[in-house]
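*Asks:* sequence and predicted model, in that order:
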Protein chains: 2
Amino acid sequence: MESQSTAATDRASHGHLVIVGGGEDREEDKQILSRFVELSGGPGANIVVITGASQIPQEMWEVYDRAFTDLGVTEHTPIHISSRAQANDRELAERVANADGIFMTGGDQRRLLATIGGTELDAAMHRALKVRGACIGGTSAGASAMSGHMLADGHVELQPELGSVHLAAGLGFLQRVVIDQHFSERHRLARLLTVVAQNPYLQGIGIDEDTALVVERGGGIEVIGRGAVTILDGRHMISNVADTAHRACPQLIDVRLHLLPTGSRFELSEDAAAPEGVPKPLLDFLRNLIKRNPMS
Amino acid sequence: MESQSTAATDRASHGHLVIVGGGEDREEDKQILSRFVELSGGPGANIVVITGASQIPQEMWEVYDRAFTDLGVTEHTPIHISSRAQANDRELAERVANADGIFMTGGDQRRLLATIGGTELDAAMHRALKVRGACIGGTSAGASAMSGHMLADGHVELQPELGSVHLAAGLGFLQRVVIDQHFSERHRLARLLTVVAQNPYLQGIGIDEDTALVVERGGGIEVIGRGAVTILDGRHMISNVADTAHRACPQLIDVRLHLLPTGSRFELSEDAAAPEGVPKPLLDFLRNLIKRNPMS
């Protein structure tokens, strides 16, 4: 991570993601929202709030309106979208493409993707991030929506249960990962293990409430807020998933678990062979996370 | 694992541990208690029930009295101990040393160890297991009590918290492990991670309710019952535990997690180089678990 002024200078070439596990503080110190504003360019930034995941968009907007006003942001506006026609509106998309910060509220990630997936608005977000180095934030549903393979729904009781958790197509700012939120608070390890067991192609990222994984594309990551980020890496796993019945618990051997509490911070670039201070078991994961995927 | 008749033949050289995560079925199919009886030698076995962990020993005994009666066990008796003087009673210890099956109820493992740790009764259990190949069962507190380093107490809220979980001296039928119970049901991953973070010398074993880890000394292991056994291996871990404040969450990188659902079963001996069917990442763990530790 860099100081604010450096971040502002490099923004055009980088872009940031602020991936929030839900329940971020909006009234007291606002550590996470404050960082989002900073990475968007500071109080002078043009910030838009996408409420499309929520069934109560106006209430959602009011919460963030207050928070961003408190943080001194002068230009912040809601993007309420309830239909794909709206999400394909050129003028609206242009506004999003020109934003410095784009924040996606909580709600239901399936609702969000059903409305904006593959639209002009979706493409505009990618342009903002990849061409202009904007900052994209998302909390809860807005966090899960960020990866290409999106954790869509599914509940598991206590142990992992094959077939109980479902993936869908997400916005794809990140690839080869799947993101779950409210992670420790809702005891979602078994749910994320279920996804990784069935999809070792994906690394599982579980983000606690009032906690954010901040990704600087091409530059590094940092965990901020109150809790921790849990990473599950099933690439080395030996499992019997292929022979396990629907709803049964598979045998999983050698899942690698990483726990990154708030304050964890790693700097690296996409190509440096062995960056200093980055533990080897995290290297692949981090390198993938900071990858500057091209426009698709 | 072996069939009942083979087990009976080999009992003198092996001995079994039935380590139960609490809440084992005592009224319906009694899968776990039934296996305990079988590994003790069948309905003709002489079984004793140690209630020393419990504050309501008579009620505890009544539950197991009924269950073992239902299972056709003719000779089963309670060992109620509430003082170290009783636990040092030679005659009582002799009864335990000659038992075919010794079952420790739930309650509080600190209470159990405070009463029997280092007594004649303790030594008698080791003699029964190691000299005569008896079967030792324990549920909940009785399960945690089985390892040399015993998870004594401690609650962590959501993430691991250094200094919040405490170890004590257990009975030592197993070494280099620490056992937690009611594992998935009480969401104890963070608690067990806390122990492993501070004590990578120990491998963490988390056992679900109505689930047992059955260890055949010198022969193998099996998971039976309704849930799963979770293993945490911190030996390869990179952590900042030494520099983490009291009650703070440490950074943990590369903890290996194994999930063994009911039906998981591995046969191996203490010396075979690479036993067939045993995944390599589990080999050390299993070899340590089945080790026939000598009398101390």
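*Replies:* It's in.
*Asks:* against which helices or strands is the lengthiest strand in chain A packed?
*Replies:* If you go by DSSP state E, chain A has its longest strand at strand A:252-261. If contacts are counted by 3 or more Cβ pairs under 8 Å, 6 or more residues apart in numbering or on different chains; DSSP states H and E, strand A:252-261 sits against helix A:189-198, strand A:228-233, strand A:238-239, helix A:280-289, strand B:252-261, helix B:280-289. Bear in mind the C-beta positions are built from the backbone N, C-alpha and C, glycine included.
*Asks:* with mean pLDDT and mean neighbour count as added columns, please give those in CSV.
*Replies:* Shown next, in CSV, are the helices and strands packed on strand A:252-261 (pLDDT from 0 to 100; neighbours: other Cβ atoms under 10 Å in any protein chain shown):
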stretch, mean pLDDT, mean neighbour count
helix A:189-198, 97, 24
strand A:228-233, 98, 25
strand A:238-239, 96, 18
helix A:280-289, 95, 18
strand B:252-261, 98, 23
helix B:280-289, 95, 18
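*Asks:* quick check: which of those is nearest to residue B:184?
*Replies:* Set against residue B:184 and scored by Cβ to Cβ, those come closest in helix A:189-198, at 7.0 Å.
*Asks:* just checking, what packs against the closest one?
*Replies:* strand A:149-153, strand A:177-180, strand A:203-207, strand A:228-233, strand A:252-261.
*Asks:* ok, which of the helices and strands packed on strand A:252-261 comes nearest residue B:178?
*Replies:* Minimum separation from residue B:178 across those (Cβ to Cβ) falls at helix B:280-289, 12.4 Å.
*Asks:* what sits up against the closest one?
*Replies:* A:236, A:238, A:253-254, B:174-177, B:203, B:215, B:220-221, B:231, B:233, B:256, B:258, B:266, B:268, B:270, B:274-275, B:278 (Cβ atoms under 8 Å, 6 or more residues apart in numbering or on different chains).
*Asks:* just how off-centre is it within its chain?
*Replies:* The chain centroid and the centroid of helix B:280-289 are separated by 17 Å, computed with Cα atoms, centre = their mean, to the nearest Å.
*Asks:* report the angle between that helix and strand A:252-261.
*Replies:* Computed by axes from the mean of the first three to the mean of the last three Cα atoms, to 10 degrees, the angle separating helix B:280-289 from strand A:252-261 equals 90 degrees.
*Asks:* could you export the helices and strands packed on helix A:189-198 as TSV, including distance to residue A:140?
*Replies:* Shown next, in TSV, are the helices and strands packed on helix A:189-198 (distance: least, Cβ to Cβ, whole Å):
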stretch	distance to residue A:140
strand A:149-153	12
strand A:177-180	10
strand A:203-207	9
strand A:228-233	15
strand A:252-261	19
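*Asks:* okay, now the sheet partners of the longest strand of chain A, with direction.
*Replies:* Here strand A:252-261 is paired, per DSSP bridges, with strand A:228-233 (antiparallel), strand A:238-239 (antiparallel), strand B:252-261 (antiparallel).
*Asks:* now do residue A:148 against residue B:286, distance only.
*Replies:* Residue A:148 sits 38 Å away from residue B:286, going by Cβ to Cβ, to the nearest Å.
*Asks:* again but with residue A:89, I slipped
*Replies:* With distances taken as Cβ to Cβ, residue A:89 is found 61 Å from residue B:286.
*Asks:* then residue A:195?
*Replies:* 27 Å.
*Asks:* what does chain A put close to chain B?
*Replies:* Contact residues (Cβ under 8 Å from any Cβ of the partner chain) of chain A with chain B: A:158-160, A:184-185, A:187, A:189-190, A:193, A:208, A:227-228, A:232, A:236, A:238, A:248-262, A:264, A:279, A:281-282.
*Asks:* hmm, try it at 6 Å
*Replies:* Contact residues (Cβ under 6 Å from any Cβ of the partner chain) of chain A with chain B: A:158-159, A:184, A:187, A:189, A:227-228, A:238, A:249, A:251-261, A:264, A:279, A:281-282.
*Asks:* between the helices and strands packed on strand A:252-261, which one is closest to residue A:14.
*Replies:* Nearest of the helices and strands packed on strand A:252-261 (Cβ to Cβ): helix A:280-289, 13.2 Å.
*Asks:* angle of the closest one against strand A:203-207?
*Replies:* Angle of helix A:280-289 versus strand A:203-207, following the same axes, to 10 degrees, is 90 degrees.
*Asks:* show me where chain A has helices.
*Replies:* Using DSSP state H, the helices of chain A run over A:4-10, A:31-40, A:57-70, A:84-87, A:90-97, A:109-116, A:120-130, A:141-144, A:189-198, A:280-289.
*Asks:* pLDDT of the second one, averaged?
*Replies:* If I follow you right, that is helix A:31-40. In this model, helix A:31-40 has a mean pLDDT of 98.
*Asks:* which residues are contacting it?
*Replies:* Applying Cβ atoms under 6 Å, 6 or more residues apart in numbering or on different chains, the contact partners of helix A:31-40 are A:4, A:16, A:18, A:20, A:24, A:47, A:67, A:71, A:73, A:100-101, A:135, A:137, A:212, A:224-225.
*Asks:* could you identify the most distant pair in these?
*Replies:* Pairwise distances across the contacts of helix A:31-40 peak at 21.8 Å for A:100 and A:225 (criterion: Cβ to Cβ).
*Asks:* any idea how far the residue of the stretch 1-150 of chain A found nearest chain B lies from residue A:211?
*Replies:* Closest residue of the stretch 1-150 of chain A to chain B, Cβ to the nearest Cβ: residue A:21 (11.3 Å). To residue A:211, residue A:21 is 5 Å away according to Cβ to Cβ.
*Asks:* ok, now residue A:132?
*Replies:* Distance, residue A:132 to residue A:211, using Cβ to Cβ: 27 Å.
*Asks:* which one's more surrounded, those two?
*Replies:* Taking other Cβ atoms under 10 Å in any protein chain shown, residue A:132 and residue A:211 do not tie; residue A:211 has more neighbours (31 against 14).
*Asks:* now do the contacts for that one.
*Replies:* A:21, A:225-227 are the contacts of residue A:211 under Cβ under 6 Å, 6+ apart.
*Asks:* ok, 7 Å please
*Replies:* With contact set as Cβ atoms under 7 Å, 6 or more residues apart in numbering or on different chains, residue A:211 has these partners: A:21, A:223, A:225-229, A:262.
*Asks:* now, which of these sits nearest chain B?
*Replies:* Nearest to chain B among the contacts of residue A:211, with distances taken as Cβ to the nearest Cβ, is residue A:228, at 4.9 Å.
*Asks:* beta-bridge partners for that closest one, please?
*Replies:* Beta-bridge partners recorded for residue A:228 (DSSP bridges): residue A:261.
*Asks:* re the thing from before, correct me, but the residue of the stretch 1-150 of chain A closest to chain B touches residue A:184?
*Replies:* No - counting by Cβ atoms under 7 Å, residue A:21 stays clear of residue A:184, with 8.7 Å between them.
*Asks:* neighbour-wise, which of the two wins?
*Replies:* Between residue A:21 and residue A:184, residue A:21 has the larger neighbour count (other Cβ under 10 Å), namely 32 against 24.
*Asks:* now the strands paired with strand A:252-261 as a markdown table including distance to residue A:54?
*Replies:* A markdown table is the format used below for the strands paired with strand A:252-261 (distance: least, Cβ to Cβ, whole Å):
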| stretch | distance to residue A:54 |
| --- | --- |
| strand A:228-233 | 24 |
| strand A:238-239 | 37 |
| strand B:252-261 | 35 |
